[in-house]
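Asker: After the sequence you'll find the predicted model.
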Amino acid sequence: MHSQTPYEITTLTPQTHPGYGPMLPHEIPPGVQMVTLPGGIRTLAYTQPPAAPVAQPVPVAQPIPTWAKTTALLTPTIGGGVAAAGIGLSYAAPGLIAMSHALWAAVALIAAGAIVLPLLLGIGRSRTGRAAPAQITQNITATGLFGRASGTINHR
């Protein structure tokens, strides 16, 4: 990452500072140790204890979920059902085609009967020569709300 440290490490020696001498072991505060720097110089420094290796958790085998088992068991069943349906339709196709033709023929027969039957009935009535039914006319009159009603009937 960084090739150089952002600050310079300096050490004090008794030659540069005459008032300072070597420290006695009881004067060294806790957490300070004698370390050797990369340049070979030995000095006192605060050190951190080495990090304890983090134990990696051992993976525990998880049970297979119920939905996954159900899906795995149903997959071949569904596939077999689709295959059986396809085979059945391939065998039934000629019969289904013939049945659809028969249904269309039945529809055509019903439509033709709806058109032709009234025409045949109309021709049959006109040949019999019967006269039209008599017409009856009725006139009714009444006076007042509770008056007596009277009427006449005319036959033609």
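Answerer: Yes, it's here. Residues are numbered from 1 along each chain as shown.
Asker: Can you classify Q33 as helix, strand or coil?
Answerer: Q33 falls in the strand class when you classify it by DSSP: H, G, I helix; E, B strand; the rest coil.
Asker: Any figure for the gap between it and P63?
Answerer: For Q33, the distance to P63 equals 51 Å [Cβ to Cβ, to the nearest Å]. From N, CA and C alone the C-beta is placed, and that goes for glycine too.
Asker: between these two, which one's more packed in?
Answerer: Set Q33 next to P63 and count neighbours by other Cβ atoms under 10 Å: Q33 wins out with 11 against 7.
Asker: can you map out the strands along this structure?
Answerer: Assigned by DSSP state E, the strands in the chain fall at 32-36, 42-46, 136-142, 149-155.
Asker: what's the burial count for A72?
Answerer: Neighbour count for A72, taken as other Cβ under 10 Å: 10.
Asker: ok, now how distant is it from A83?
Answerer: A72 is 18 Å from A83, by Cβ to Cβ.
Asker: Show me the contact partners of the lowest-mean-pLDDT helix or strand in the chain.
Answerer: Ranking every helix and strand in the chain by mean pLDDT, DSSP states H and E puts strand 149-155 at the bottom, with a mean of 79. For strand 149-155, the external contacting residues (Cβ atoms under 8 Å, 6 or more residues apart in numbering) are 134-142.
Asker: Could you rerun that using 10 Å?
Answerer: For strand 149-155, contacts defined as Cβ atoms under 10 Å, 6 or more residues apart in numbering pick out 134-143.
Asker: Dump these into TSV; add neighbour count and distance to G113 as well.
Answerer: Output for the contacts of strand 149-155, formatted as TSV (neighbours: other Cβ atoms under 10 Å; distance: Cβ to Cβ, whole Å):
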residue	neighbour count	distance to G113
A134	7	33
Q135	8	33
I136	9	35
T137	9	39
Q138	8	40
N139	9	44
I140	9	44
T141	10	49
A142	11	50
T143	9	55
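Asker: With distance to L117 added, can I get the residues you listed in JSON lines?
Answerer: Formatted as JSON lines, the contacts of strand 149-155 follow (distance: Cβ to Cβ, whole Å):
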{"residue": "A134", "distance to L117": "28"}
{"residue": "Q135", "distance to L117": "28"}
{"residue": "I136", "distance to L117": "31"}
{"residue": "T137", "distance to L117": "34"}
{"residue": "Q138", "distance to L117": "35"}
{"residue": "N139", "distance to L117": "40"}
{"residue": "I140", "distance to L117": "40"}
{"residue": "T141", "distance to L117": "45"}
{"residue": "A142", "distance to L117": "46"}
{"residue": "T143", "distance to L117": "51"}
